[in-house]
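Visitor: Just to be clear, the model below is a prediction. Sequence and coordinates:
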Amino acid sequence: MLNFDEEMVKDQMNAINAESLAQETKDAEEEDGKSSNMSDIESHASDLQLNAHIDVDLPTIDLDEILADFNWNASGDASALEARLITELQALESANVHCIIQSESQAAVVGEHIEKSLGELLQIENWLGHYTGLLEKMGKDVHQIEAQNKGMQVIIHNQKELLRELESFLASLRVPAYILEVLKNEPLDSPDGLRECEKAVEKIMSVIKWKNDELGAMAAVNERISLLQGHNVEFASRLYNFLTGFFNNQAEIYLNDKNRVSQRNALKLFGHENMELRLYKFKKLLLWLKETDSRKHLDLQMSYVKEISRTYKKEISDFLEMLKTLHIKKPSVEEKDYLFLGLGHMTVSSAATTAFKTAIAVTDKTTGGIKHKFENWRVKKLKNMTGIVNDDDDDDTSSKPGQLKRNESNSSFGEDDQRMTPDEALGHALLKIMAILVREQNFMTDFFALLKSNVDTTLKDKEENLDEEQIIQNWQMNLSQSRPAFKDPKAEKQIRELMESVFSYCRDMLQQVVDDVVKHEASYAVGMMVHIEYHLKEFQKTSNSFSISLLEALLRKVSVVFEKFVADQIKAIEETRVESKKRTGILPFIRVFPRFVDRMERMLSNWDGMTRKQVDKAYEKLIKTIFECLEAEVQQFDGDTKSTSDEFLNVHIMNVENMHHFHSEVRVRKVPGLDMFVKQAKALYDHNLDSYCKVVIRKPLGKLLEFFEGVEGLLKTGPADEVSFHVQFSKNALKDVIKKYPGKEIKKGLEALYKRVDKHFSEEVGLLQVIWRGIQEEFTRQLRKYEELIAKCYPEISIRLDFTMDELLGYFSELAQAH
């Protein structure tokens with residue numbers, strides 16, 4: 001209350017002072033109208049306010065109103081107004097002083113209250129400062145709480161989104177219980193069970209392969225995937241155990257099935273088409289196993305190889321044994337007339353007798369040979385592939401290439417012994433075994449998914465429009481066809497190792513077949529090489545590397561056999577000794593060689609591969625040895641028969657007969673590789689025939705020939721006109737010689753000569769006429785030369801031979817026709 005009283009007092013004092021000041025100001029203006037009075041009033045009012053030390057808002061003073069209170073007008077006296085104002089001011093001051101004096105006691109109380117109020121105000125100020133600090137701290141806390149609240153809202157939103165995403169992810173990892181039940185208990189021996197298992201593993205694999213870079217590292221995700229992988233491992237073990245048992249069971253069925261053994265005249269190597277059909281349904285599961293458990297997949301391959309290997313081993317062994325014992329024809333002694341062996345102590349007459357007893361069968365060049373045979377086999381094979389051949393289908397044998405059948409080419413061996421030659425037997429075995437190798441390799445490649453992509457995309461597109469049965473049929477037909485070479489060396493190595501594991505015994509078995517059949521006759525090695533080369537050619541640029549290596553090893557084996565065979569023949573030629581006093585006639589190895597060529601060409605049958613080159617080299621070695629042996633015989637005669645002309649003539653007779661036989665027999669074979677040797681034989685024949693004719697005509701011409709030989713000798717040393725000056729070659733000597741050889745004498749000499757020549761060449765059919773024609777040509781040539789010498793050396797006389805050239809040719813013609 002004190003504070004409010006003081007304020008009221010101050011307000012009243014200020015109001016009074018203001019009114020007084022305003023009245024004085026108005027009076028002053030009325031009196032002198034000067035503005036300086038107002039300044040004094042304002043200055044005085046300011047002083048009053050300063051003295052009061054109270055800051056108040058002064059009210060607006062209306063001077064007119066104040067002056068009206070004093071009943072003062074503008075025309076009034078200003079000094080009276082001033083005096084009045086001064087009086088009132090003095091009274092007011094006196095009243096103020098009186099009030100002040102009276103209020104001194106109250107002022108002390110007011111002072112105390114003021115000090116107390118100041119203390120309280122200071123305390124309030126401290127409290128306000130304290131509360132201000134608290135409020136500031138609280139504001140910071142509130143701001144922080146607001147920021148945290150906003151962060152919590154973001155976190156809550158994110159957690160909700162994460163929870164939604166996680167629930168979706170876990171739902172994608174969730175596998176229905178029935179799928180796991182399928183993997184555990186669904187039977188694998190039924191088509192429906194296999195389809196369910198395929199769907200189950202496909203579902204699990206889709207879950208396992210689902211990738212999320214943000215959630216993939218979560219423990220829950222890894223735990224769920226590990227659980228699914230565990231189910232995969234369990235099913236993989238179940239699939240492995242089932243298939244290994246199936247492999248073993250199927251192998252036992254094949255091994256104990258007596259119907260799968262080849263019968264006589266129905267030689268057959270059975271396939272495994274039934275097992276292929278059953279295993280085909282596991283292709284998708286095997287592909288899954290390869291991706292899931294590569295170790296189990298590899299173990300399954302080894303299990304299959306183990307079981308199927310012993311099956312094939314028994315079947316191929318039985319097949320080859322049946323082939324060797326019941327279907328291979330052993331050559332007779334008469335059929336070995338093409339061999340040079342056994343000629344070491346053969347006489348010329350015995351060799352001739354053997355030659356006449358044996359008919360030489362020249363190869364029929366129009367049949368097309370083995371190429372024609374293989375082409376027919378290929379056509380039959382393509383026809384056969386239009387349908388599936390089951391394991392126990394014994395009726396479809398006529399359409400298979402190389403199948404032994406009755407009333408075919410093998411029937412030439414006799415109705416009771418329809419057997420194949422060794423080379424045909426090996427070709428038949430290779431045809432069957434190579435087909436098995438190709439099919440098995442393709443099956444393992446497809447079944448075990450050994451290639452990343454071993455199915456043609458075009459084939460896939462075609463299969464989309466086919467049902468499952470047609471797809472399987474197309475797949476089985478494709479198994480029998482060789483496929484292009486692999487582009488992946490690793491896959492090629494793996495497949496070759498599998499084939500080596502399954503068919504490692506085939507190489508030894510086939511080589512044993514070769515060893516067994518060549519014991520009877522090694523010349524069949526040529527036909528064997530042709531069959532092997534044919535299959536090698538078929539496998540060029542294919543993926544059948546194991547089959548190629550097997551055939552190459554077998555070809556090397558047979559090639560060694562043939563080389564040894566040729567070496568034995570060469571040795572037999574070198575050891576041949578001709579036991580004949582006259583040493584005439586065709587030598588045994590010359591007579592045998594054309595039959596040897598027939599033998600080789602019959603087995604080659606127009607084949608133009610490496611075997612042809614090898615046979616041509618054998619021809620070259622044999623002919624070189626034959627010519628060397630013949631030359632050795634000639635040189636032996638040349639060293640022993642210089643004393644008598646009859647024995648020396650044997651040299652030319654032997655060469656003429658043997659080279660004529662060689663030339664005529666070998667030329668008709670029309671073997672390109674022998675053309676050079678045919679020409680060489682012709683040159684030797686011509687040379688020795690000319691020498692022979694020159695020798696034999698000496699007897700019918702006698703001294704006539706000696707006379708003109710002397711004339712020729714003189715012409716070499718002197719002119720022709722001096723020949724007649726020599727006593728031995730005078731004109732009279734010429735007349736005497738000509739008189740001794742009239743036409744009758746010449747004809748008589750020719751008759752004796754014909755008989756002599758007939759004795760020389762009676763063994764070689766057709767050669768006598770050829771020799772006689774050669775003698776005729778040489779005889780006429782000599783007589784023309786004599787006439788030329790007479791005209792040249794004795795031109796002044798008209799002496800001529802007692803017979804004409806036409807008469808001489810008539811003598812030769814009569815003798816030829818008479819015999």
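Guide: Everything's here; your move. Residues are numbered from 1 along each chain as shown.
Visitor: Leu255 against Lys313, yeah?
Guide: No - when contacts are counted by C-beta atoms under 8 Å, Leu255 is not listed as touching Lys313 (9.8 Å). C-beta: built from backbone N, CA, C; applies to glycine.
Visitor: More neighbours: those two, which one.
Guide: Lys313 (17 against 14; other C-beta atoms under 10 Å).
Visitor: tell me the SS of the more buried one?
Guide: helix (DSSP: H, G, I helix; E, B strand; the rest coil).
Visitor: backbone phi and psi for the nearest residue to it once chain neighbours are set aside, please?
Guide: Sequence neighbours aside, Tyr505 is the residue nearest to Lys313 in space, at 5.4 Å (criterion: C-beta to C-beta, 6 or more residues apart in numbering). Phi and psi for Tyr505, reported as degrees, to the nearest 10, are phi -80, psi -20.
Visitor: quick one: Tyr505 from Ala720, how far?
Guide: Counting by C-beta to C-beta, to the nearest Å, the gap between Tyr505 and Ala720 amounts to 89 Å.
Visitor: again with Leu815
Guide: Taking C-beta to C-beta as the criterion, Leu815 is separated from Ala720 by 35 Å.
Visitor: now swap in Val154 and tell me
Guide: With the distance defined as C-beta to C-beta, Val154 ends up 142 Å from Ala720.
Visitor: Next: Lys624.
Guide: For Lys624, the distance to Ala720 - C-beta to C-beta - is 48 Å.
Visitor: So those two - more neighbours on which side?
Guide: Neighbours per residue (other C-beta under 10 Å) separate Lys624 from Ala720, with Ala720 holding more: 15 against 12.
Visitor: so what's that one up against?
Guide: Counting by C-beta atoms under 8 Å, 6 or more residues apart in numbering, Ala720 makes contact with Lys792, Cys793.
Visitor: Tell me the pLDDT of it.
Guide: With respect to pLDDT, Ala720 scores 84.
Visitor: again with the one 5 residues further on
Guide: As summarised for this prediction, Phe725 has a pLDDT of 83.
Visitor: what's in contact with stretch 182-190?
Guide: When contacts are defined by C-beta under 8 Å, 6+ apart, stretch 182-190 is touched by residues 193-194, 196-197, 199-201, 204, 231, 234-235, 238-239, 242.
Visitor: what about the helix or strand containing Leu162, distance to the chain center?
Guide: Using DSSP states H and E, Leu162 maps to helix 104-173. Here the centre of mass of C-alpha atoms in helix 104-173, compared against the chain's by C-alpha atoms, centre = their mean, to the nearest Å, lies 83 Å away.
Visitor: Can you list the helices and strands that that helix packs against?
Guide: Of the remaining helices and strands, those touching helix 104-173 by 3 or more C-beta pairs under 8 Å, 6 or more residues apart in numbering; DSSP states H and E are helix 2-32, helix 219-256.
Visitor: Could you tell me the least trusted of these?
Guide: helix 2-32 (a mean of 48).
Visitor: which one is Ile225 nearest to, not counting chain neighbours?
Guide: Excluding its sequence neighbours, the residue lying closest to Ile225 (C-beta to C-beta, 6+ apart) is Ile208, at 5.7 Å.
Visitor: Gly427 too?
Guide: Nearest residue to Gly427, sequence neighbours excluded (C-beta to C-beta, 6+ apart): His531, at 3.5 Å.
Visitor: How about Leu767?
Guide: For Leu767, the nearest residue in space outside its immediate sequence neighbours is Phe761; the separation is 4.6 Å by C-beta to C-beta, 6+ apart.
Visitor: in a helix, that's where the residue nearest to Ile225 is, yeah?
Guide: Yes - assigned with three-state DSSP, Ile208 falls within a helix.
Visitor: separation between Asn249 and Leu320?
Guide: Using C-beta to C-beta, Asn249 is found at 26 Å from Leu320.
Visitor: between the two, who's got more neighbours?
Guide: Neighbours were counted for Asn249 and for Leu320 using other C-beta under 10 Å; Leu320 has more, 22 against 11.
Visitor: Helix or strand: which one has the more buried one?
Guide: Under the criterion of DSSP H and E, Leu320 resides in helix 294-326.
Visitor: what's the angle between that helix and helix 219-256?
Guide: Note on geometry: by axes from the mean of the first three to the mean of the last three C-alpha atoms, to 10 degrees, helix 294-326 and helix 219-256 are set 10 degrees apart in direction.
Visitor: Does anything pack onto helix 294-326? Which helices or strands?
Guide: Helix 294-326 packs on helix 219-256, helix 283-292, helix 422-447, helix 489-503, helix 506-517, going by 3+ C-beta pairs under 8 Å, 6+ apart.
Visitor: which of the residues in the last one are buried?
Guide: Think helix 506-517. By neighbour count, with 16 or more other C-beta atoms under 10 Å as the criterion, the buried positions of helix 506-517 are Cys506, Arg507, Met509, Leu510, Gln511, Val513, Val514, Val517.
Visitor: before we move on, what about the fourth one?
Guide: Judged by neighbour count (16+ other C-beta under 10 Å), helix 489-503 contains these buried residues: Ala491, Glu492, Gln494, Ile495, Arg496, Leu498, Met499, Val502, Phe503.
Visitor: got the contact list for it?
Guide: 301-302, 305, 308-309, 312, 437, 440-441, 444-445, 450-452, 485-486, 543, 545-547, 550.
Visitor: Where does the residue nearest to Gly427 sit, in terms of helix or strand?
Guide: Assigned by DSSP H and E, His531 belongs to helix 525-538.
Visitor: Heading C-terminal from that helix, find the next helix or strand.
Guide: Note on helix 525-538: by DSSP H and E, the next helix or strand toward the C-terminus is helix 545-574.
Visitor: And Asp192, how close does it get to Lys744?
Guide: Applying C-beta to C-beta, one obtains 114 Å for the distance of Asp192 from Lys744.
Visitor: can you check Tyr534 too?
Guide: For Tyr534, the distance to Lys744 equals 69 Å [C-beta to C-beta].
Visitor: Pick out whichever of these two has more residues nearby.
Guide: In terms of neighbours (other C-beta under 10 Å), Tyr534 is the more surrounded of Tyr534 and Lys744; the figures are 23 against 11.
Visitor: now that one: how far from Lys314?
Guide: Shown here: Tyr534 relative to Lys314, a distance of 27 Å by C-beta to C-beta.
Visitor: Repeat that for Leu809.
Guide: Spatial separation of Leu809 from Lys314 under the definition C-beta to C-beta is 80 Å.
Visitor: for Leu289, same thing?
Guide: Plainly put, Leu289 is 29 Å away from Lys314 if you go by C-beta to C-beta.
Visitor: Looking at these two, which one has more neighbours?
Guide: Leu289 (25 against 15).
Visitor: For that one, which non-adjacent residue is closest in space?
Guide: Leaving aside its sequence neighbours, Leu289 sits nearest to His297 (C-beta to C-beta, 6+ apart; 4.9 Å).
Visitor: isn't the one you found right up against Leu287?
Guide: No - between His297 and Leu287 there is no contact, the gap being 9.3 Å when judged by C-beta under 8 Å.
Visitor: With neighbour numbers in mind, choose between these two.
Guide: Neighbours per residue (other C-beta under 10 Å) separate His297 from Leu287, with His297 holding more: 20 against 16.
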